[in-house]
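1. quick one, structure for this:
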Amino acid sequence: MMHHSFKKNISLLLLVLLLTAGCKKGFLNTVPDNITTLKDVFTNRSMTEQWLARLYNPMPDMWNQPYSVPWTGQCDEVDYAWVQPGINSGAITPDNASPGYWNGYYQTIREAAIFLKNVDQNKEILAQPGGDQLMKQYKGEARFLRAYYYWLLMRQYGPVVLMGEDPKAPEADFQIPRSSWDECVNYVLGEMDKAMQDVPAEHVNPVDPTQLDVTQTGRITKSIVMAVKSQVLLYSASPLYNGNVEMSNFKNLDGAALFNPSFDKEKWKKAADAAKAVIDLNKWDLYTVSDADPFRAAYLSCRNLFFDGWQKEAIWIRTNSSHFGNWERHCSPRCSNGAGWNGIAVTQEMVDIFRMADGKMITDNSSAYTETGFTHTATPYYVDGTFNMYTGREPRFYADVTFNGADIPVVPEPGQTRVEFFFTGNSGKNGAPRDWPSTGYTARKNLHPNSDFRSGKSFARPAMMIRLGEIYLNYAEALNEYDPGNPDILKYLNKIRNRGGLPNIVAGPGQEEMRTQIRLERQIELMFEGHRYWDVRRWKTANTPAMHQGGQFHGMNIEKGTFLSDPEFHKRIVAFTRAEWQNKFYFYPVPQSEIDRNKKLVQFPGY
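-> Just a heads-up that it's a prediction; the model follows:
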């Protein structure tokens, strides 16, 4: 990915263009020598490439939590100690909706359109060896990114306003209604198909074309386009968008429906085919670690996936992920070296969905599960005296969740040997103003075990925006909806389970049971990676008891406990309560300022 930053202020540039366009010829119409114009930008190769680089900058980094990308804390996965998004309290309004990406993404969409309209002026690029192909590549990147930001807007706001191919002049008519969901999807997919013709299969080293150019990692390739199309098609086939009669009242002012209430099973086939096309490229593998102990191998495979595994499994990465440090600090308990911030609290609801090591759910009468007593056996994952609820669980539980009695996830404070979330413990509520998890658990995924906050020691790594594990789950889900019983469903679902240390599901489960298993696997495998918030919405399960997004959430009793095995701490209680689910929470409200300016833009019902 490119890391250049555009040196001139875009808003100043546009202001200058407006002023020079509106003045009569003469002194006031003279452009000072130090003002950059669009012609300057798009006749200079370096400045043109910097403009293109800017189009990558708004790409979300799911590890920039809880601030810029707080979707994990807006669903049933975690509770943030420092930030409470308005949707959690029900206080979200068109004037107060965070995170609000409407204006920022539309600005980037406009910048992409300006690039596409003007880049052909650049003779410097065309004069390079292979300049024609380079120009096509740049235009393909910009076209894809424009479509991608539309997709992100659609996911958050529903059907959006499509602005067309060319950037509109300031005096143009901006009274434009939303396009329907299907129109938006068709536009985004069509633009991505056009882009895929122009972007390379790989970015190769210009000196040695047999080698990849690692400096271009993260820039758009054909496989990235294909993977994003898999996401778009999976969402569009899902119940929220496919045959949802409950959205019939969402219409433009002229009465045009924005969601098609008719179910189309073929949408699932398109989603399955798109995911399988990515898989069939055979360019990636599920990351695994070898170890004589199969349980340990599964644990290390899941833990180290985010440190080392991206080299095998990542399809699209954000190379300049500088936010993992904040994520690590927010998740780490206070007994970590340099004092972790201890505030991304995993809900009991998430703890309970992890299976036992034998593959059974805790509700399946597994003889290995109990919520009474404490273990007398220490393991590499927890100490002697740990609550039995946390023993004998599947490997991903120990890779993803820190609990009372767990080993410390990063470099510990001197003398500390375990995490203590009970009231007077080394990471408990007693004596801390807010550096404590409301549920008695913290998130653990993507915490490097050798991170040391006191010395500033950290381990840079990219963020995987799309990885092969997600594509396997996309394929299994779509295929189960279109062709239940197809052997590929179990084949790819079991690949994920096996990497996580679980045995195969054998043939036999019907479509409904398989749907449950696929959704559960997605919930566990992709936990904290920015999927859950969207999944429960597209499935229309956000108000079901098993996946409720409002009301009461549970944890241990952080107000109690004076020693590790204190039964007073180890009691399920209501840890926090959120606003009850409302159907308006399916989408964010468009900013009121936009509704005021664009009289044809309708607000999502309920706001």
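
2. ok, residues contacting stretch 124-138?
-> 43-45, 48-49, 52, 115, 119-120, 122, 198-200 (C-beta atoms under 8 Å, 6 or more residues apart in numbering). In this view, the C-beta of every residue, glycine as well, is placed from N, C-alpha and C.

3. let's have those residues in JSON lines, adding secondary structure.
-> Below are the contacts of stretch 124-138 laid out as JSON lines (DSSP: H, G, I helix; E, B strand; the rest coil):
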{"residue": "Thr43", "secondary structure": "helix"}
{"residue": "Asn44", "secondary structure": "coil"}
{"residue": "Arg45", "secondary structure": "helix"}
{"residue": "Thr48", "secondary structure": "helix"}
{"residue": "Glu49", "secondary structure": "helix"}
{"residue": "Leu52", "secondary structure": "helix"}
{"residue": "Phe115", "secondary structure": "helix"}
{"residue": "Val119", "secondary structure": "helix"}
{"residue": "Asp120", "secondary structure": "helix"}
{"residue": "Asn122", "secondary structure": "coil"}
{"residue": "Asp198", "secondary structure": "helix"}
{"residue": "Val199", "secondary structure": "coil"}
{"residue": "Pro200", "secondary structure": "coil"}
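
4. can you give me the strands in the stretch 301-450 of the chain?
-> Using DSSP state E, counting those that start in this stretch, the strands of the stretch 301-450 of the chain run over 314-318, 344-346, 401-402, 442-443.

5. just the mean pLDDT for the first one, thanks.
-> Meaning strand 314-318. If you average the pLDDT over strand 314-318, you get 94.

6. partners of it, with directions?
-> Strand 314-318 sits in its sheet next to strand 463-467 (antiparallel), going by DSSP bridges.

7. repeat for the last one
-> Using DSSP bridges, strand 442-443 pairs in its sheet with strand 401-402 (antiparallel).

8. same question for the helix ranked longest in the chain: list its buried residues.
-> Using DSSP state H, we find that the single longest helix of the chain is helix 131-157. Using 16 or more other C-beta atoms under 10 Å as the test for burial, helix 131-157 gives 134-135, 137-157.

9. list the contacts for the spatially most central residue of the chain?
-> The chain has Gly530 as the residue nearest its centroid, 3.0 Å off, counting by C-alpha atoms, centre = their mean. When contacts are counted by C-beta under 8 Å, 6+ apart, Gly530 touches Pro60, Met62, Val69, Trp71, Thr72.

10. tell me if it really is in a helix.
-> No: using three-state DSSP, the assignment for Gly530 is coil, not a helix.

11. what about the closest residue to Tyr287 other than its chain neighbours, distance to Glu202?
-> Using C-beta to C-beta, 6 or more residues apart in numbering and skipping residues adjacent in sequence, the residue nearest Tyr287 is Gly309, 3.0 Å away. Per C-beta to C-beta, to the nearest Å, Gly309 is found 20 Å from Glu202.

12. which of the two has more neighbours?
-> Under the criterion of other C-beta atoms under 10 Å, the comparison of Gly309 against Glu202 puts Gly309 first, with 24 against 14.

13. tell me which of the strands of the stretch 301-450 of the chain lies nearest to Leu240.
-> strand 314-318 (24.0 Å; C-beta to C-beta).

14. where in the chain is the helix or strand with the lowest mean pLDDT?
-> helix 10-22 (a mean of 34; mean pLDDT, DSSP states H and E).

15. what is the burial count for Ala546?
-> 12.

16. if we can go back for a sec, quick check, nearest of the contacts of stretch 124-138 to Val232?
-> Among these, and counting by C-beta to C-beta, the member closest to Val232 is Val199, at 16.8 Å.

17. what about the helices in the stretch 51-200 of the chain?
-> 86-89, 102-118, 123-126, 131-157, 181-198 (DSSP state H, counting those that start in this stretch).

18. of those, which approaches Pro567 most closely?
-> Closest among those, once you apply C-beta to C-beta, is helix 86-89, at 30.6 Å.

19. next one: that closest one to chain centre, how far?
-> Centroid separation for helix 86-89 versus its chain: 19 Å, with C-alpha atoms, centre = their mean, to the nearest Å.

20. so for it, what gets flagged as buried?
-> Ile87, Asn88.

21. tell me the secondary structure of Val225, please.
-> helix.

22. so what's it scoring on pLDDT?
-> Confidence for Val225, expressed as pLDDT, is 98.

23. swap in the one 5 residues further on?
-> Taken from the predicted model, the pLDDT recorded for Ser230 is 98.

24. and the gap between it and Ile489?
-> From Ser230 to Ile489 the distance is 16 Å (C-beta to C-beta).

25. run a quick neighbour tally on the spatially closest residue to Pro462 that is not a sequence neighbour.
-> Counting by C-beta to C-beta, 6+ apart, the nearest residue to Pro462 once its immediate chain neighbours are dropped is Ile317, at 4.1 Å. Other residues within reach of Ile317, judged by other C-beta under 10 Å, total 21.
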